[in-house]
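Enquirer: How does the following fold in three dimensions:
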Amino acid sequence: MSTQQQAGEATASNFNQTNHNGGGGGGGKEEEENAVVSFKDALWNGGSAYDAWFSCASNQVATVLLTLPYSISQLGMLSGILLQVFYGLMGSWTAYIIAVLYLEYRSRKEKEGVTFTNHVIQWFEVLDGLLGPYWKALGLVFNCTFLLFGCVIQLIACASTIYYISDQLDKRTWTYIFGACCATTAFIPSFHNYRIWSFLGLGMTTYTAWYMTIAALVHGQAPDVVHTGPKKLVLYFTGATNILYTFGGHAVTVEIMHAMWKPQKFKYIYLWATVYVFTLTLPSSSVVYWAFGDQLLNHSNAFSLLPKTRWRDAAVILILIHQFITFGFACTPLYFVWEKVIGMHESKSVCLRALARLPVVIPIWFFAIIFPFFGPINSAVGALLVSFTVYIIPAVAHMLTFRKASARQNAVEKPPSFMPSWTAMYALNTFVVIWVLIVGFGFGGWASIINFVKQVDTFGLFAKCYQCKPPAHPTTH
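Expert: The predicted model follows:
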């Protein structure tokens with residue numbers, strides 16, 4: 001039996017032990033109880049390749065769907081489309097690399113007799129096991145900071161989005177409200193339990209994407225619409241880093257894999273999830289830009305330009321629910337880290353773990369109130385955090401893990417069929433590192449920081465209602 005098969009079967013075994021320990025009743029109630037458990041498992045306990053696909057696709061696109069037209073207005077139509085495809089494929093490659101490193105780490109640990117019952121493997125632990133404590137610290141800092149600000153972005157997006165249904169409350173007040181709502185994700189134990197939420201989230205985003213596309217087509221081009229494309233380098237690289245952020249959602253890859261019954265099946269799941277995401281992002285972003293052109297430069301949320309109808313209100317509500325789900329996706333790994341710090345990770349009490357997790361939400365809430373800059377903050381996070389967390393660090397870690405001939409010979413995963421050799425893998429990883437370091441972190445960081453500072457200068461920290469229309473003053477006679 002191969003090591004990969006052992007790893008997959010061990011995962012399935014651990015899953016079954018975790019979820020079915022404790023026994024059950026007997027006698028005449030047995031069939032009824034089994035039916036209840038089966039229904040609960042169908043909605044609550046996921047671990048198949050399909051669950052992983054829904055999780056990846058649902059997590060990859062939510063809030064960014066609303067900001068991509070803004071990014072295309074900064075980039076121009078051609079660059080906007082090409083960069084989505086380019087970064088989508090690059091993100092799929094580094095997600096594959098992360099999956100390979102997870103399988104390698106798990107295989108080595110299981111050969112040492114380590115079991116992972118009631119313990120979720122995380123990215124920083126993979127780096128620690130393969131490369132040592134310094135890499136563990138590096139992965140922990142970048143991954144946690146990125147996920148924290150990923151949650152901040154989802155919270156800001158909730159306030160920005162609901163404002164287009166009800167503007168009686170300002171966006172800061174809505175941030176307070178949704179911060180409390182999102183704290184309830186602490187009661188979802190792990191990625192096993194996102195089965196129904198992932199399915200619903202992707203359906204909601206699919207509706208929103210096609211609503212945006214159809215609504216923009218029905219609206220037609222705005223009067224005197226202008227498509228100037230990239231006006232300044234600052235705007236160009238700001239838009240590019242938002243797309244880098246869009247397809248850098250695989251910071252939770254390890255946790256999604258660990259929730260699978262057979263994690264070796266994950267390797268190409270992220271790629272197929274990305275292909276589906278293309279069917280949502282490419283039409284909606286390009287058609288909205290075609291309809292409104294340069295107006296989008298001052299409207300980072302596409303809902304602000306689309307006409308108010310019941311269809312738009314439905315899209316707003318659905319994307320809000322999905323943003324809540326995506327908040328949970330990004331925050332769950334942070335919950336795991338905090339549980340491990342305070343010694344609560346292996347507790348079997350869902351309520352006790354949920355209470356212990358609540359302090360994690362407080363800094364997220366705080367940063368969302370300080371920096372409510374929906375759109376520009378995506379680019380800043382993309383350049384400064386995503387570039388390292390899910391592109392540079394995985395590529396370098398893969399090259400270092402397999403730098404010795406013995407490591408390559410004993411590798412659990414050999415180069416994929418479309419890669420002719422280890423040399424080709426090293427060449428591609430080197431390209432990813434150089435490109436993202438120069439274009440993503442270098443130029444992207446420069447542009448996004450300038451744009452971010454401009455937002456602070458214009459609206460100030462703790463802005464009460466970012467990019468809101470000024471209240472209409474009654475005319476005096």
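
Enquirer: what stretches of the stretch 251-400 of the chain score poorly on pLDDT?
Expert: For the stretch 251-400 of the chain, the stretches with pLDDT under 70 are 372-376, 378.

Enquirer: which outside residues touch stretch 296-304?
Expert: With C-beta atoms under 8 Å, 6 or more residues apart in numbering as the test, stretch 296-304 has contacts from 65-70, 72-74, 160-161, 164, 212, 235, 284, 288-289, 292, 305, 312, 315-316, 374-376, 467. For glycine as for every other residue, the C-beta is placed from the backbone atoms N, C-alpha and C.

Enquirer: Give me the buried entries from those residues.
Expert: Taking 16 or more other C-beta atoms under 10 Å as the criterion, what is buried in those is 65-70, 72-74, 160-161, 164, 212, 235, 284, 288-289, 292, 305, 312, 315-316, 374-376, 467.

Enquirer: Just give me the neighbour total for residue 169.
Expert: Neighbourhood size, residue 169 [other C-beta atoms under 10 Å]: 15.

Enquirer: how much space between it and residue 200?
Expert: 26 Å (C-beta to C-beta, to the nearest Å).

Enquirer: same deal with residue 324?
Expert: On the measure of C-beta to C-beta, residue 324 and residue 200 end up 11 Å apart.

Enquirer: And for residue 192?
Expert: As judged by C-beta to C-beta, residue 192 and residue 200 stand 16 Å apart.

Enquirer: And residue 187, by the same measure?
Expert: For residue 187, the distance to residue 200 - C-beta to C-beta - is 17 Å.

Enquirer: Have a look at those two and say which one is more surrounded.
Expert: Taking other C-beta under 10 Å, residue 187 and residue 200 do not tie; residue 200 has more neighbours (17 against 14).

Enquirer: contacting residues around the more buried one?
Expert: Residues near residue 200 by C-beta under 8 Å, 6+ apart: 321-322, 325.

Enquirer: If you rank the residues you listed by neighbours, which is first?
Expert: residue 322 (28 neighbours).

Enquirer: immediately after the helix or strand hosting residue 94, which helix or strand?
Expert: Assigned by DSSP states H and E, residue 94 belongs to helix 77-111. Toward the C-terminus, helix 77-111 is succeeded by helix 123-131 as the next helix or strand (DSSP H and E).

Enquirer: tell me which residues in the strand or helix carrying residue 274 are buried?
Expert: Following DSSP H and E, one finds residue 274 within helix 269-292. Judged by neighbour count (16+ other C-beta under 10 Å), helix 269-292 contains these buried residues: 269-271, 273-274, 276-278, 280-292.

Enquirer: Stretch 434-444 now?
Expert: By neighbour count on 16+ other C-beta under 10 Å, the buried set for stretch 434-444 is 435-436, 439-441, 443-444.

Enquirer: Next up, the contacts around residue 120.
Expert: By C-beta under 8 Å, 6+ apart, the neighbours of residue 120 are 190, 255, 258-259, 336, 345.

Enquirer: coming back round to it: which secondary structure elements does the helix holding residue 274 sit against?
Expert: Here helix 269-292 touches helix 49-60, helix 64-75, helix 77-111, helix 195-219, going by 3 or more C-beta pairs under 8 Å, 6 or more residues apart in numbering; DSSP states H and E.

Enquirer: Can you pull out the low-pLDDT segments for the stretch 101-250 of the chain?
Expert: Residues of the stretch 101-250 of the chain meeting the criterion pLDDT under 70: 166-167.

Enquirer: Give the buried residues for stretch 110-130.
Expert: So, applying 16+ other C-beta under 10 Å, buried residues of stretch 110-130: 116, 120-130.

Enquirer: Same question for stretch 307-323.
Expert: Result for stretch 307-323 [16+ other C-beta under 10 Å]: buried residues 312, 315-316, 318-323.

Enquirer: before we move on, what about stretch 97-114?
Expert: Result for stretch 97-114 [16+ other C-beta under 10 Å]: buried residues 97-107, 109.

Enquirer: got the contact list for that stretch?
Expert: Residues outside stretch 97-114 that contact it (C-beta under 8 Å, 6+ apart) are 3-4, 6-7, 10, 116, 121, 123, 125-127, 129-130, 250, 253-254, 257-258, 263-264, 266-267, 270, 390, 394-395, 397-398, 401, 411-413, 429.

Enquirer: So how do I select the buried members of the residues you listed in PyMOL?
Expert: Paste this into PyMOL to select the buried members of the contacts of stretch 97-114, with burial taken from 16+ other C-beta under 10 Å:
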select buried, resi 3+4+7+10+116+121+123+125+126+127+129+130+250+253+254+257+258+263+264+266+267+270+390+394+395+397+398+401+411+412+413+429
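
Enquirer: Quick one: name whatever helix or strand follows the host helix or strand of residue 144.
Expert: Here residue 144, judged by DSSP H and E, is contained in helix 133-162. Where DSSP H and E defines the elements, the next helix or strand beyond helix 133-162 is helix 171-182.

Enquirer: Buried residues of that following helix, list them for me.
Expert: Applying 16+ other C-beta under 10 Å to helix 171-182 flags 171-172, 174-175, 178-179, 182 as buried.

Enquirer: same for that helix, what does it pack against?
Expert: helix 133-162, helix 310-342, helix 361-370.

Enquirer: Kindly reformat those helices as JSON lines and extend each row with distance to residue 448.
Expert: What follows is the helices and strands packed on helix 171-182, written out as JSON lines (distance: least, C-beta to C-beta, whole Å):
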{"stretch": "helix 133-162", "distance to residue 448": "12"}
{"stretch": "helix 310-342", "distance to residue 448": "19"}
{"stretch": "helix 361-370", "distance to residue 448": "16"}
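
Enquirer: any idea which of those is most buried?
Expert: Most buried of these by mean neighbour count (mean count of other C-beta atoms under 10 Å) is helix 133-162; its value is a mean of 22.

Enquirer: Spatially, which residue comes closest to the residue nearest the centre of the chain, not counting chain neighbours?
Expert: Centroid-nearest residue in the chain: residue 249, 3.4 Å away (criterion: C-alpha atoms, centre = their mean). Once flanking residues are discounted, residue 249 sits nearest to residue 60: 4.3 Å by C-beta to C-beta, 6 or more residues apart in numbering.

Enquirer: tell me, how many neighbours does the one you found end up with?
Expert: Residues within reach of residue 60, counting by other C-beta under 10 Å, total 27.

Enquirer: so how far is residue 435 from it?
Expert: 20 Å.

Enquirer: likewise residue 418?
Expert: In terms of C-beta to C-beta, residue 418 sits 19 Å off from residue 435.

Enquirer: One more: residue 222?
Expert: 36 Å.

Enquirer: just residue 219 next, same as before
Expert: 37 Å.

Enquirer: thinking again about what came up before, quick check: of the contacts of residue 200, which lies closest to residue 136?
Expert: residue 325 (29.3 Å; C-beta to C-beta).
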